[in-house]
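Chemist: Any chance you can model this:
(chains A and B)
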Amino acid sequence: GEDVEQSLFLSVREGDSSVINCTYTDSSSTYLYWYKQEPGAGLQLLTYIFSNMDMKQDQRLTVLLNKKDKHLSLRIADTQTGDSAIYFCAESIGTGGYNKLIFGAGTRLAVHP
Amino acid sequence: NAGVTQTPKFQVLKTGQSMTLQCAQDMNHNSMYWYRQDPGMGLRLIYYSASEGTTDKGEVPNGYNVSRLNKREFSLRLESAAPSQTSVYFCASSELGTDEAFFGQGTRLTVV
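Modeler: Next up, the predicted model:
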């Protein structure tokens, strides 16, 4: 089946690292994504990782992929108040000419001083 | 750049009323999507249009219809609104063959 699971809440202190975890079920996913949703806004693509990679780093963001366990994580270094948002994990599944995105429920990250 | 524009931003309907949510994109993308977002459930795909002239059902199409009017515009219609359709609706677009979806600001719909 197609399912993406994430914990719903994470609270961190400003300056600390945040780690948001995600598990997915479809081993045929080619790409896995992290989207960010700020209050009152739509989703914005934050970063993605190709399924044959273990790690991708992009400035303060590090994505780790454990394909054997179907586990994806997003680490935000030196978390700032501007990072407060909902973070969605998504996997891409091919369905005959169309790649369907399956989203998790989203993790609400709260950054406090 | 406007990107993906949705109208209206907010709407309250009575049960049984109909309405159309509008979506337009100016990025010349082939593929367009309608999602609904409910608390604790992430985004669920209602309908999509892989390219102009085609539309297909997603995960939760019941109670909705869509029209791909042209390459730019993809509308979502509720013929007879029900309280279960209270949600935030997002339109998105992407280039055919890629997964990077660009989202509109959302329409918050309440059905009473």
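Chemist: mind checking the longest strand of chain A?
Modeler: strand A:85-94 (DSSP state E).
Chemist: Partner strands of it and their direction?
Modeler: The pairing partners recorded for strand A:85-94 under DSSP bridges are strand A:31-37 (antiparallel), strand A:99-103 (antiparallel), strand A:107-112 (antiparallel).
Chemist: Show me what the residue of chain B found nearest chain A bridges to in the sheet.
Modeler: Nearest residue of chain B to chain A (Cβ to the nearest Cβ) works out as B:Phe103 at 3.2 Å. (C-beta placed from N, C-alpha, C; glycine too.) Assessed by DSSP bridges, B:Phe103 has beta-bridge partners B:Ala92.
Chemist: That one - how many residues pack around it?
Modeler: 22 (other Cβ atoms under 10 Å in any protein chain shown).
Chemist: Write out the residues of chain A neighbouring chain B.
Modeler: A:4, A:8, A:31, A:33, A:40-45, A:48, A:88, A:92, A:97-101, A:103-106 (Cβ under 8 Å from any Cβ of the partner chain).
Chemist: again, 6 Å this time
Modeler: A:31, A:42-43, A:45, A:92, A:98-99, A:103-106 (Cβ under 6 Å from any Cβ of the partner chain).
Chemist: the strands in chain A, which residues?
Modeler: Using DSSP E, strands in chain A cover A:4-6, A:9-13, A:18-24, A:31-37, A:43-50, A:55-58, A:61-66, A:71-76, A:85-94, A:99-103, A:107-112.
Chemist: Also chain B?
Modeler: B:4-7, B:10-13, B:19-25, B:31-37, B:43-49, B:56-57, B:64-68, B:74-78, B:87-94, B:102-103, B:107-111.
Chemist: out of those strands, deepest packed?
Modeler: Highest mean neighbour count among the strands of chain B (mean count of other Cβ atoms under 10 Å in any protein chain shown): strand B:31-37, with a mean of 25.
Chemist: Just the pLDDT at the residue most central in space within chain B, thanks.
Modeler: For chain B, the residue sitting closest to the mean C-alpha position, by Cα atoms, centre = their mean, is B:Trp34 at 2.9 Å. We have a pLDDT of 96 for B:Trp34.
Chemist: Contacts for the longest strand of chain A, please.
Modeler: Here strand A:85-94 makes contact (Cβ atoms under 6 Å, 6 or more residues apart in numbering or on different chains) with A:4, A:6, A:20, A:22, A:24, A:26, A:29-33, A:35-38, A:72, A:99-104, A:106-108, B:99.
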